[in-house]
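[1] Quick one: sequence plus predicted model below, questions after.
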Amino acid sequence: MVLVNLVFAIVALGLLVPSAVLFVECLSALLPNPVKKEKKDRLTKIAVLVPAHDEASNIENTIETLLPQLKAQDRLVVIADNCTDETAAIARQCGAIVIERQNSRQRGKGYNREEVSIKFDASFRYSRHNTDFSWLSRSFRSH
């Protein structure tokens with residue numbers, strides 16, 4: 001009888017060790033993996049293009065609202081389209097990358113497009129409430 005109990009104890013211990021390892025692995029899979037998330041965010045780059053034509057009075061507000069929401073690898077590009085005012089200079093002072101276009105035959109937003117991730121119009125006054133980029137982490141950044 002003692003021998004049978006000893007055999008059962010050894011078998012139980014033999015099964016307990018792999019079961020315990022599997023249990024710990026399953027629990028660790030439920031923990032968040034910050035390294036994986038950092039890699040995704042670091043690899044994803046977003047370019048926000050803001051076409052602007054003579055928007056010196058609004059461009060500063062637009063840029064100051066958008067820039068704080070971008071990550072270090074993202075870019076905010078203002079396309080100063082045939083501007084006759086200080087739009088390009090103000091945009092540079094605010095920290096945006098500025099592309100200046102001078103073409104009197106091709107004017108307007110339809111001609112100053114590149115590959116666009118997000119496009120904002122500089123003639124609109126933005127606030128933090130209508131430019132929330134948190135949806136980016138759930139859509140573009142998560143793919």
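    Cool, got the structure. Residues are numbered from 1 along each chain as shown.
[2] can you give me the strands in this protein?
    With DSSP state E as the criterion, the chain has strands at 47-52, 75-81, 97-101, 118-119.
[3] Tell me what angle the first one forms with strand 97-101.
    Here strand 47-52 runs at an angle of 40 degrees relative to strand 97-101 (axes from the mean of the first three to the mean of the last three C-alpha atoms, to 10 degrees).
[4] now strand 47-52 and strand 75-81, what's the angle there?
    Using the same axes, to 10 degrees: strand 47-52 against strand 75-81 is 20 degrees.
[5] Check what pLDDT the closest residue to Ser104 other than its chain neighbours gets.
    Spatial nearest neighbour of Ser104, excluding adjacent residues (C-beta to C-beta, 6 or more residues apart in numbering): Asn82 at 6.8 Å. Where C-beta positions appear, they are placed from N, C-alpha and C, glycine not excepted. We have a pLDDT of 88 for Asn82.
[6] Count the neighbours of Asn82 for me.
    Other residues within reach of Asn82, judged by other C-beta atoms under 10 Å, total 16.
[7] mind listing what it touches?
    With contact set as C-beta atoms under 8 Å, 6 or more residues apart in numbering, Asn82 has these partners: His53, Arg101, Gln102, Asn103, Ser104, Arg107.
[8] Out of the residues you listed, the closest to Ala9 would be?
    Comparing the contacts of Asn82 against Ala9 with C-beta to C-beta picks out Arg101 as the nearest, at 82.2 Å.
[9] Identify the bridge partners of that closest one.
    Beta-bridge partners for Arg101, by DSSP bridges, are Asp81.
[10] is it true that it touches Asp81?
    Yes - here Arg101 reaches Asp81: they are 5.0 Å apart, a contact under C-beta atoms under 8 Å.
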